[in-house]
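Visitor: attaching a predicted model along with its sequence, questions to come.
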Amino acid sequence: MTARPERVAAEEVRQRMLDAGRELALESGAALTIEHLRLEEVIQRARVPRSSVYRMWPYREAYIDDLLSYLAGPGSYFSERPVNEPDTIAVAQRVIVDNAHLIATAEGRRALLCEVVRVTIAYNYQELSSSAPWRLHMALLATLGSTRSDAASRRIAAALEDSQRRSRESIVTILRQLSTVLGLRLRDPAYTLDHVQLSGGLLVQAVALRNVQVQVVLAEPKDETTEQAADDRREPRYVNDLLNAPIPGPLFNGQPTEWTLVTYAYLGLIDAFLEPDPDFTPPPARSGPTS
């Protein structure tokens, strides 16, 4: 006797199908291939009745539009992260707490600012470069011009904007806290921390996206014994060095530190928008642990 198919509530069918589509998209490595997803493949992955799926989405295109909207919104890279990476705050706090004595002087606060920028941006750059969900999010942007209707494009774009807004608000909170602790202010009344966050976020993501491209080319197996193969890799290797090789930057506690293109560029952006607050009063230094 053939077993009856599992009875699944309509909302659960919908969620399973969207989650299964997301899994397949992540495995494929690019949102552009979502256009070629087979509905039967998604149904098998989701383990839901076919009849329920086709009642919900009579046409495959309707499912694809809903999946793209889900990936842009509730299922997006940013929906899982209140900031670019959940450990960003912890990384910054660790640098400040471990070197709290530097807050007492303007030179010390400058050194702390540089070090916080260096370690947090390096961390986020590496995480983005290796993140399949983030690559999926970036590829989603390219789907806006390929969807079947203006309404679908607007729905996907609105979901993308909402997920990015929540990320922006969280990062602005971090920048505000950092400015308070290190005695910084905006250089001009026309500037806002939203300007800092948006320009900085776009900078890191653009450099990470270039890094992803270069690493894919360098990872391709090629016969390095031929002159042509060596020529094919000369430019990617050069760009990889530009992106990832250490460059000189500010010292920390008198010692050299490892800066790269993205961390140094982000520091320049911070300096363009923020300056030391002349009215800042550092907290009194602690005399030592109390019993």
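Guide: Now that the structure is in, tell me what you want to look at.
Visitor: next helix or strand past the one helix or strand in the chain whose mean pLDDT sits lowest?
Guide: One helix or strand of the chain scores below all others by mean pLDDT, DSSP states H and E: helix 132-143, with a mean of 75. Next in sequence after helix 132-143, counting helices and strands by DSSP states H and E, comes helix 150-182.
Visitor: what's that following helix packed up against?
Guide: Packed against helix 150-182, as judged by 3 or more C-beta pairs under 8 Å, 6 or more residues apart in numbering; DSSP states H and E, are the following elements: helix 60-72, helix 88-98, helix 106-129, helix 132-143, helix 193-219. No exception for glycine: its C-beta is placed from N, CA and C like everyone else's.
Visitor: buried sites along the last one?
Guide: It refers to helix 193-219. For helix 193-219, a neighbour-count test (16 or more other C-beta atoms under 10 Å) marks 193, 195-197, 200-201, 203-205, 207-208, 210-212, 214 as buried.
Visitor: where does the protein have low pLDDT?
Guide: Applying pLDDT under 70 to the chain picks out residues 1-6, 29-35, 75-86, 142-149, 220-233, 285-291.
Visitor: domain-wise, how is it divided?
Guide: 10-72, 76-276 (automatic domain parsing).
Visitor: out of those, which is closest to Pro282?
Guide: domain 76-276 (5.2 Å; C-beta to C-beta).
Visitor: distance from the chain centre to that closest one, please.
Guide: Relative to its chain's centre, domain 76-276 lies at 8 Å (C-alpha atoms, centre = their mean, to the nearest Å).
Visitor: follow-up on the earlier one: mind putting the helices and strands packed on helix 150-182 into JSON lines with distance to Ala9?
Guide: Listed next are the helices and strands packed on helix 150-182 as JSON lines, based on distance: least, C-beta to C-beta, whole Å:
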{"stretch": "helix 60-72", "distance to Ala9": "17"}
{"stretch": "helix 88-98", "distance to Ala9": "38"}
{"stretch": "helix 106-129", "distance to Ala9": "36"}
{"stretch": "helix 132-143", "distance to Ala9": "27"}
{"stretch": "helix 193-219", "distance to Ala9": "38"}
